[in-house]
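Peer 1: sequence and predicted structure are below.
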Amino acid sequence: MDRSQNAPRDIDAYIRTFPEGIRTKLEEMRRTIRKAAPKAEETIRYQIPTFRLNGNLVHFAAFRKHIGFYPAASGIAAFKKELSVYQTGKGSVQFPLDQKLPLGLVRKIVMFRLQENLETK
């Protein structure tokens, strides 16, 4: 996606900009997050899909070789062992496009972040 052009207005518009295989993975991420946090607001922040409830909950985005998932530094730290098989940063993890998404793990991380946001805000 060329983000320098028109930034997507919503998650549907963001997902439509990708080829079918990537769209499928993005929709899987979206459904998984939605099920774990049904009251969260869907929006676009930083030009990527974002779920918010009492502040930012999680973000996700597609790249050439991976799906990026951004559950904040606390979400990465809390699941450090489970995420050790993936490339991680302080507040991010990369799920390679040539592998199945770990949706169960994504769900657990979202639920952790949800609880964290509800307790601190």
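Peer 2: Structure's in. What do you need?
Peer 1: please name the residues that touch the closest residue to residue 108 other than its chain neighbours.
Peer 2: Excluding the flanking residues, the one nearest residue 108 by Cβ to Cβ, 6 or more residues apart in numbering is residue 79, at 7.0 Å. C-beta: built from backbone N, CA, C; applies to glycine. By Cβ atoms under 8 Å, 6 or more residues apart in numbering, the contact set of residue 79 is 105, 108, 109, 112.
Peer 1: same check on residue 37?
Peer 2: Neighbours of residue 37 in contact, by Cβ under 8 Å, 6+ apart: 51, 53, 57, 110, 111, 114.
Peer 1: among those residues, which ones are in helices?
Peer 2: 110, 111, 114 (DSSP state H).
Peer 1: and the residues you listed as TSV, adding pLDDT, neighbour count and distance to residue 45?
Peer 2: TSV is the format used below for the ones in helices among the contacts of residue 37 (pLDDT from 0 to 100; neighbours: other Cβ atoms under 10 Å; distance: Cβ to Cβ, whole Å):
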residue	pLDDT	neighbour count	distance to residue 45
110	98	24	16
111	97	13	21
114	97	21	17
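Peer 1: nearest to residue 14, of these?
Peer 2: Closest approach to residue 14 among these (Cβ to Cβ): residue 110, at 18.2 Å.
Peer 1: and the gap between the closest residue to the closest one other than its chain neighbours and residue 112?
Peer 2: Leaving out its chain neighbours, the residue that sits closest to residue 110 by Cβ to Cβ, 6+ apart is residue 36, at 3.9 Å. Distance, residue 36 to residue 112, using Cβ to Cβ, to the nearest Å: 9 Å.
Peer 1: out of these two, which sits in the busier spot?
Peer 2: Comparing residue 36 with residue 112 by neighbour count (other Cβ atoms under 10 Å), the higher total belongs to residue 36, at 21 against 17.
Peer 1: how about JSON lines for the contacts of residue 79, with distance to residue 13 added?
Peer 2: Below are those laid out as JSON lines (distance: Cβ to Cβ, whole Å):
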{"residue": "105", "distance to residue 13": "27"}
{"residue": "108", "distance to residue 13": "29"}
{"residue": "109", "distance to residue 13": "25"}
{"residue": "112", "distance to residue 13": "29"}
